[in-house]
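[1] what shape does this take:
(chains A and B)
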Number of protein chains: 2
Amino acid sequence: MTLRDEIFEQPERLASLLASQRDAVHEIARVIQAQGVQYVFLAARGTSDNAGRYANYLWGAQNGLPIALATPSLFTYYQHPPRLKGALVVGISQSGKSPDIVSVLSEGRRQGCLTLAITNAPDSPLAQAADLHLDIQAGPERAVAATKTYSAELMALAMLSAALADSHTLWEELARVPDWAEQALRLDDELARMAQRYRYMRQCVVLGRGYNYATAFEWALKLKELTYTIAEPYSSADFLHGPIAMIEAGFPVMAVAPRGAVYASMLEVLTRLHGEQGAELVIISDAAEALALAQSPVPLPPEVPEWLSPLISILPAQLFTFHLTQVKGLDTERPRSITKVTETH
Amino acid sequence: MTLRDEIFEQPERLASLLASQRDAVHEIARVIQAQGVQYVFLAARGTSDNAGRYANYLWGAQNGLPIALATPSLFTYYQHPPRLKGALVVGISQSGKSPDIVSVLSEGRRQGCLTLAITNAPDSPLAQAADLHLDIQAGPERAVAATKTYSAELMALAMLSAALADSHTLWEELARVPDWAEQALRLDDELARMAQRYRYMRQCVVLGRGYNYATAFEWALKLKELTYTIAEPYSSADFLHGPIAMIEAGFPVMAVAPRGAVYASMLEVLTRLHGEQGAELVIISDAAEALALAQSPVPLPPEVPEWLSPLISILPAQLFTFHLTQVKGLDTERPRSITKVTETH
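    Residues are numbered from 1 along each chain as shown, chains lettered A, B, ... in the order given. Just a heads-up that it's a prediction; the model follows:
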C-alpha cells in the first residue's frame, strides 16, 4: 500500500465506517448526553489535532458544545493539571500511542470525567485509558503521511455530531459522503497537470475559515511533510491581523473556500489577494466566483453541505500534494526526518 | 513615539501597571472566585491571541483553570453559538474594537456568564460589553506592530494569576519584572550586531513550549509583520509531528528555551536540530547548555522564574526583529499591508 493507494481507498473506507459504527456512535452519544457535559476538552497532535480543529467548529456550531483544545504539556511537564470538572475529555490519535495524549485522558478519568478515545487501534494505550472508544476502522495505514485516517477521524466526529443532534437529515447527508469523495478524486489527472506549475515553490500560505480551518491546517501539514514546502496555515481573519504583510506579487496562496457561512469573508480576502497584492492563487471551491480568481482553480462537487465540506475538500488537497511530491522528485513513501508514530511527552 | 521608543518604554510601563492596578486585579479575582467558574472561554486576535496562549498555560498550571481559545467566527457567522454555561468569558484586545471579539463577550453576557475585558482602551466597545474590565494602561501605542501592549497584556494576565492563587511569593516575583526587563533590553547593541547575519533570511521556524509557546508565536508574528519573513511558530512537540521534515542544513530556527519544566524537552529538539539536521540556531535562554548550541546565543537574565519568563524573553525577540527590519532596509513604522486596528467579523 502506497500513499496513493491510501488516498484512493478513502471513499470505500468512509462508506464502511459509516455502516459499521453507526450503532456504536449512537451509544456513545447516549452516554455523553446522559452525563450532561458542559464542554469538551480535546487532546491530539499533528494530523489528529487538525481533526480536533474540525470538531471545534462542528460540535460548537451544530451541537452547542464549546471545545478547549488541550495543551498536553500541562499534563506531562507541569505539576498541577487543570481541574476538568464538567468536561468530556476526548483524545484523538491514529496509533493511540502518544504518551502525552494518553496522559490527558488518564488525568480526565482520575478526576471523574467521562473520557472518549477516537483511534484506529482498539488495543492501544489510548483506547484502554478511555471509558468510551470509537474505532475509525481505516485499516492499517503504511504511508508516513496520514491521509485515510484523517478523513476517517473527520467522519467519526461528523457521525458523533449527527448522533448528538439526533437528526435524520444529517445522517442522510452523511450517507452521500462516499459518492462525493469519489467525485472529488476524479480530479486526479487535472491536479497532476496543475502541480507542474509549483515545481519550484519553496513557501506558501494556506487559508481556510470556519469548518475548513482544519482543511487549511491539514493541507499545510501534508505540504510540509511530503514536499518540505514552508506552508503556513491561517484563518483568513487571523491572516489580516498581521501576516498578510508577507505577501508580495506572485506569492503562492492556497485557499479552501467552499460555499457556506464564511464564504463571503473568504471571497473578500481572496479578492484583495488577487487584486492589490497580486498573489498566485490555488483555490478549492464549489463557487464559480472564487474559482475565477485562481491561476489554479480546483472545483469541488456541488451540493456538499458546509459541515461536510472538510471531508471532501481535503481530497484534492491530498492529491495536489501527492503530485507535487512527484513533480519535485521526492519520495512519497519515505519523507525525511519523520516516522509514522511520533511519541511526544 | 516610534517602535523603538515603545520597546524601551516597557520596563516603566510594567512597573506602573503593577503599582496602579493591583487593587483592581484583586477585586476582579474576588468576583471570579465568588462566581465559581469551571473554565475560561477566551477570545482574541493577533498579538492579543498570543497573550491568550500565555493565559492558557499560566492559568492552567498555576490556577487549575482549563482554557478554551474561542473561534470567534462561531459567534459571527454560524447560527448557534455554543452554550457557555459555567464559563468565564474573557476578551483581550489592545483597541477593544474588533467586532468579532466584542460578539463573543456580548453572547457570553447574554447567556449569563461572567465576562472580563482586558484592553488598553477603557471606553472601547469591548470594555463596555463586559462585566469586568482590566485596563492594561500601556499608554497610546502608535507603532503598527504591537510591543508594549503585548507585555502589558501578559503582565495583566500574570497579576490575575497571582491574585487568584492568593500568593505572596508570586507577587514578590512580579515586583522584579521591571528590573529583569531593563536587564534584557541591555542586549540592544549585541542584537543589532547579531541581526546582520540574517540580512537575507527569507523564512524561519520559531520554537517554544509551555509558557513560551506564546513567545514563539509573538516573535514569529513580529518577524512577519515587520520583516516579511515567512516565520512559522511551533511547539517543539508539534514540530516533531511532521514539520521537522522541512529543515535542511542551514535552515534558520529561532528558539525560546529558558530553564523550567519544558527545558529538557526543548534541549532535546535543539540538540537534534544542531547535530543531525545542521540547522542555524538563534536561541534565547538563561541556560549555558542551550546557548552553546546556537550560532546566535541570546542570554536572558538569570533567576527569572519560568512563569514570568515570557514577559522577559519577548524583549530581545522584539529588539532582534527591530534591528533585522533596519538591516533589511524596511520601514519599522509603516509596515506594508497592515493597519493598527484590524476589524474582523
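[2] show me which residues of the stretch 201-345 of chain A sit near chain B.
    Counting by Cβ under 8 Å from any Cβ of the partner chain, the stretch 201-345 of chain A comes close to chain B at A:202-203, A:209-210, A:213, A:221, A:224-226, A:228-230, A:232, A:235, A:237-238, A:240-248, A:261-262, A:265, A:277, A:335-338, A:342, A:344-345. The way it works is simple: take the backbone N, C-alpha and C, and place the C-beta from them, glycine included.
[3] give me that answer again for 6 Å
    A:203, A:210, A:221, A:224-225, A:228, A:230, A:232, A:237, A:240-246, A:261-262, A:335-338, A:342, A:344 (Cβ under 6 Å from any Cβ of the partner chain).
[4] buried subset of those as a PyMOL selection?
    In PyMOL, this line selects whichever of these come out buried by 16 or more other Cβ atoms under 10 Å in any protein chain shown:
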select buried, chain A and resi 203+210+221+224+225+228+230+232+237+240+241+242+243+244+245+246+261+262+335+337+338+342+344
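[5] helices - which of the residues of the stretch 201-345 of chain A next to chain B land there?
    Mapping these onto helices (DSSP state H) picks out A:Leu221, A:Lys224, A:Glu225, A:Ala237, A:Leu240.
[6] would you check which pair of these lies furthest apart?
    A:Glu225 and A:Leu240 (27.4 Å; Cβ to Cβ).
[7] quick check, pLDDT for A:Pro243.
    pLDDT, A:Pro243: 81.
[8] spatially nearest residue to it, not counting backbone neighbours?
    B:Lys224 (4.9 Å; Cβ to Cβ, 6 or more residues apart in numbering or on different chains).
[9] verify the stated contact: the one you found with A:His241.
    No. Under the criterion of Cβ atoms under 6 Å, B:Lys224 is not in contact with A:His241, lying 10.4 Å apart.
[10] following the helix or strand where A:Gln128 lies, which helix or strand comes up?
    Per DSSP states H and E, A:Gln128 falls inside helix A:125-129. Next along the chain after helix A:125-129, taking DSSP H and E as the criterion, comes strand A:132-135.
[11] domain-wise, how is chain A divided?
    A:3-175, A:186-327 (automatic domain parsing).
[12] strands - which of the residues of the stretch 201-345 of chain A next to chain B land there?
    Taking DSSP state E, the ones among those that sit in strands are A:Gln203, A:Ile230, A:Glu232.
[13] residues touching A:Ala152, list them.
    A:Arg13, A:Leu17, A:Ile136, A:Ala138 (Cβ atoms under 6 Å, 6 or more residues apart in numbering or on different chains).
[14] switch the cut-off to 10 Å
    By Cβ atoms under 10 Å, 6 or more residues apart in numbering or on different chains, the contact list for A:Ala152 reads A:10, A:13-14, A:16-17, A:21, A:51, A:94, A:118, A:120, A:135-139, A:141, A:146, A:311.
[15] just the buried ones out of those residues, please.
    A:10, A:13-14, A:17, A:21, A:51, A:94, A:118, A:120, A:135-139, A:141, A:146, A:311.
[16] leaving aside the residues next to it on the chain, what's closest to the closest residue to chain B within the stretch 151-300 of chain A?
    Chain B sits closest to A:His241 of the stretch 151-300 of chain A, with a gap of 3.3 Å, by Cβ to the nearest Cβ. Spatial nearest neighbour of A:His241, excluding adjacent residues (Cβ to Cβ, 6+ apart): B:Gly46 at 3.3 Å.
[17] quick one, phi/psi of the one you found?
    phi 60, psi -130 (degrees, to the nearest 10).
[18] can you give me the pLDDT of it?
    For B:Gly46, the model assigns a pLDDT of 90.
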